[in-house]
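Trainee: take this sequence and fold it.
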Amino acid sequence: MHCKQSPGITLLFFIVLSTSAFGQKGKKDFQNEINQKTASIEPKVISWYEDLHQNPELGNREFRTAMLVAKHLERLDIDVTTGIAHTGVVGVLKGGLPGPVIAIRADMDALPVVEEVDLPFASKVRTTYNDQEVGVMHACGHDAHVACLMGAAEVLAGMRQQLKGTILFIFQPAEEGPPAGEEGGAELMVQEGIFKDLQPEAVFALHTDGRFGAGTLAVRPYGMCAGADQLEIIVKGKQSHGAFPWLGNDPIVIASQIVIGLQVIPSRQLDMTKALSLVTIGSIQGGVRGNIIPNEVRMLGTIRTFDTEIREDFHRRIRQTAQSIAEASGATAEVIISGSNPVTFNDPELLTKMTPTLLKVTGEGNLITPSVEMGAEDFPFLTQNAKGLYFYLGVRTPGKAIESQHSPTYYVDESSLQLGVRALSSLAVDYLNGK
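Mentor: Here you go, the predicted model:
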């Protein structure tokens with residue numbers, strides 16, 4: 001049977017086909033433009049990175065870094081607000097077309113670490129931190145984060161007329177935690193209203209990772225990084241001469257027993273098949289002389305969890321274990337749990353939507369699914385009312401040993417920075433213009 005085709009249907013088919021072809025061409029052209037712009041500014045990005053690495057600043061003290069960032073954004077004709085949460089900087093780039101609001105974050109602070117990497121731009125900076133003289137080093141790659149986001153801002157500012165929506169560039173202080181007695185970080189930025197006028201529906205961030213080679217990205221859905229709580233335990237005994245311990249009550253011995261007792265909780269008392277958890281004591285302070293048993297010992301540590309119920313049970317058992325061990329020896333133990341960072345959660349729908357973009361910028365075989373990360377982040381404070389996507393930028397030189405973050409030998413392969421800029425820029429363009 002022969003049916004005569006309507007001219008209207010033919011025209012409609014042509015319009016749909018043409019629109020589809022134009023859309024595909026447009027997206028391809030966007031990526032070509034991003035690739036070209038990213039390659040052209042790579043020397044500047046490397047220069048920013050080396051400058052930031054050589055001039056690191058601790059949390060809430062990122063004055064020079066913030067000034068560098070603000071001046072760069074202003075040169076790009078991006079609206080800039082400074083002084084948020086002490087030293088934070090937020091830039092607002094409005095696209096030429098209407099659309100949603102998204103945000104991209106880079107953390108700016110360094111760590112109290114003496115650098116041991118042999119680089120011409122190695123940090124020689126020293127300062128005072130919590131009443132101690134310390135070296136200062138970008139031992140977690142935040143210098144690379146800032147350089148990559150500065151680069152992405154330049155790429156995206158050059159495409160503003162084509163963008164459908166608005167981008168917030170968030171340069172955050174004190175991700176590693178503020179100095180004692182101060183507030184800071186992502187939580188304080190939110191409290192001070194960075195999203196009051198523009199609430200993003202998605203927030204993106206990258207983090208360098210020496211486990212993965214330069215040229216790779218790593219991401220997983222759901223829990224990406226653990227939730228973290230700060231732990232403080234104060235054991236009070238009775239001071240005496242070190243030669244006559246029976247006349248006192250030694251809090252150092254009791255604290256040692258508590259450290260061992262705490263390790264039994266995640267390995268024997270919590271269901272490890274449900275979710276990972278751990279507790280680490282990183283500091284034990286007590287006494288001033290070898291022949292004096294002190295009256296008090298102070299322990300500092302961290303608790304890491306991926307599950308809310310396990311977290312609450314873990315806290316209860318930590319208190320019970322520490323107090324019971326102390327009481328059994330006639331001492332007391334005060335347990336203080338504070339400063340919680342939520343689990344860094346990658347929204348599975350957002351990750352599914354943006355995976356083609358990540359595959360496109362990395363190439364086949366270079367997008368990795370990592371294991372869960374017991375490290376913690378304050379990035380989740382930015383995603384309380386938005387979907388979040390947090391991923392790792394591989395920075396290890398192929399063939400070199402893995403260097404741990406927060407170590408004096410942590411390094412970033414500079415060839416990885418271009419991928420960081422390209423990934424952040426592509427995620428922004430594809431999210432805004434792909435809707």
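Trainee: what's near enough to touch the residue lying closest to E232 once chain neighbours are set aside?
Mentor: Spatial nearest neighbour of E232, excluding adjacent residues (Cβ to Cβ, 6 or more residues apart in numbering): I336 at 4.3 Å. The way it works is simple: take the backbone N, C-alpha and C, and place the C-beta from them, glycine included. Taking Cβ atoms under 8 Å, 6 or more residues apart in numbering, we find I336 in contact with L231, E232, I233, I234.
Trainee: centre-most residue in the protein?
Mentor: E377 (4.7 Å; Cα atoms, centre = their mean).
Trainee: wait, it sits on C225?
Mentor: Yes: the pair E377 and C225 qualifies as a contact (Cβ atoms under 8 Å) at a distance of 5.0 Å.
Trainee: mind listing the shared neighbours of those two?
Mentor: Common contact partners of E377 and C225 (Cβ under 8 Å, 6+ apart): T344, Y390.
Trainee: so which residues of the stretch 201-350 of the chain form helices?
Mentor: Along the stretch 201-350 of the chain, counting by DSSP state H, counting those that start in this stretch, helices occupy 251-264, 308-328, 348-362.
Trainee: which residues does the shortest one contact?
Mentor: Contacts to helix 251-264, defined as Cβ under 8 Å, 6+ apart, come from residues 233, 235-237, 279, 281, 284, 286-287, 293-297, 299, 301, 318, 321-322, 325-326, 329, 331, 333.
Trainee: strands - which of the residues you listed land there?
Mentor: Mapping these onto strands (DSSP state E) picks out I233, V235, K236, V279, I281, I284, I293, E296, V297, M299, G301, A333.
Trainee: pLDDT score for the residue lying closest to P348 once chain neighbours are set aside?
Mentor: Using Cβ to Cβ, 6+ apart and skipping residues adjacent in sequence, the residue nearest P348 is P221, 4.2 Å away. Looking at P221, its pLDDT reads 96.
Trainee: likewise for N130?
Mentor: In this prediction, N130 carries a pLDDT score of 83.
Trainee: and for V372?
Mentor: Taking V372 on its own, its pLDDT is 88.
Trainee: check K4 too.
Mentor: For K4, pLDDT reads 39.
Trainee: tell me the contacts of the residue lying closest to S283 once chain neighbours are set aside?
Mentor: Leaving aside its chain neighbours, S283 sits nearest to L300 (4.0 Å; criterion: Cβ to Cβ, 6+ apart). Taking Cβ under 8 Å, 6+ apart, we find L300 in contact with Q230, L231, E232, I281, G282, S283, Q285.
Trainee: V279: what's it in contact with?
Mentor: Residues in contact with V279 (Cβ under 8 Å, 6+ apart) are L231, L262, Q263, I265, P266, G301, T302, I303, R304, F314, I318.
Trainee: wait, I meant L389
Mentor: Taking Cβ under 8 Å, 6+ apart as the definition, contacts of L389 comprise A202, V203, F204, A205, V219, N346, D347, L350, L351, M354, L427.
Trainee: give me the low-pLDDT residue ranges for the stretch 301-435 of the chain?
Mentor: Within the stretch 301-435 of the chain, the ranges that satisfy pLDDT under 70 run 435.
Trainee: between the ones in strands among the contacts of helix 251-264, which sits nearest G242?
Mentor: Lowest distance from G242 to the ones in strands among the contacts of helix 251-264 (Cβ to Cβ) belongs to I293, with 5.6 Å.
Trainee: pLDDT score assigned to the closest one?
Mentor: I293 is given a pLDDT of 97.
Trainee: report the beta-bridge partners for it.
Mentor: Assessed by DSSP bridges, I293 has beta-bridge partners S240.
Trainee: I'd guessed it sits against G286; true?
Mentor: No: the criterion here is Cβ under 8 Å, and I293 misses it with G286 at 9.2 Å.
Trainee: who has more neighbours, those two?
Mentor: I293 (23 against 18; other Cβ atoms under 10 Å).
Trainee: report the contact partners of that one.
Mentor: G237, Q239, S240, H241, G242, P245, G248, D250, P251, I252, G287.
Trainee: out of these, which end up buried?
Mentor: G237, S240, G248, D250, P251, G287 (16 or more other Cβ atoms under 10 Å).
Trainee: what's the distance between the last one and N295?
Mentor: By that I understand G287. As judged by Cβ to Cβ, to the nearest Å, G287 and N295 stand 9 Å apart.
Trainee: ok, now the third one?
Mentor: G248 is 8 Å from N295, where distance means Cβ to Cβ.
Trainee: swap in E50?
Mentor: 50 Å.
Trainee: now V343
Mentor: 38 Å.
Trainee: neighbour count: these two, which is higher?
Mentor: V343 (22 against 16).
Trainee: in the stretch 1-150 of the chain, which spans are helices?
Mentor: 7-54, 63-75, 142-157.
Trainee: okay, those helices in a markdown table with mean neighbour count and distance to V395 next?
Mentor: Shown next, in a markdown table, are the helices of the stretch 1-150 of the chain (neighbours: other Cβ atoms under 10 Å; distance: least, Cβ to Cβ, whole Å):
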| stretch | mean neighbour count | distance to V395 |
| --- | --- | --- |
| helix 7-54 | 14 | 11 |
| helix 63-75 | 18 | 19 |
| helix 142-157 | 26 | 7 |
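Trainee: domain-wise, how is the protein divided?
Mentor: As recorded under automatic domain parsing, the domains making up the chain are 24-226+343-433, 227-341.
Trainee: please state the offset of the first one from the chain centre?
Mentor: To tie it back to what came earlier, the one meant is domain 24-226+343-433. Relative to its parent chain, domain 24-226+343-433 has a centroid offset of 8 Å by Cα atoms, centre = their mean, to the nearest Å.
Trainee: looking at the contacts of I293, which is nearest R126?
Mentor: Nearest to R126 among the contacts of I293, with distances taken as Cβ to Cβ, is G287, at 27.6 Å.
Trainee: quick check: that closest one touching P294?
Mentor: Yes: assessed by Cβ under 8 Å, G287 is found in contact with P294 at 4.0 Å.
Trainee: quick check: end-to-end length of stretch 158-177?
Mentor: Using Cα to Cα, to the nearest Å, the end-to-end distance of stretch 158-177 comes out at 34 Å.
Trainee: list the buried ones in it?
Mentor: Using 16+ other Cβ under 10 Å as the test for burial, stretch 158-177 gives 158-160, 162-177.
Trainee: state the distance from the residue nearest to S283 to I102.
Mentor: Taken as Cβ to Cβ, the span from L300 to I102 is 37 Å.
Trainee: next one: T128
Mentor: Distance, T128 to I102, using Cβ to Cβ: 39 Å.
Trainee: go on, V264?
Mentor: Going from V264 to I102 by Cβ to Cβ gives 45 Å.
Trainee: ok, E296 next?
Mentor: Applying Cβ to Cβ, one obtains 50 Å for the distance of E296 from I102.
Trainee: all good on my end, thank you.
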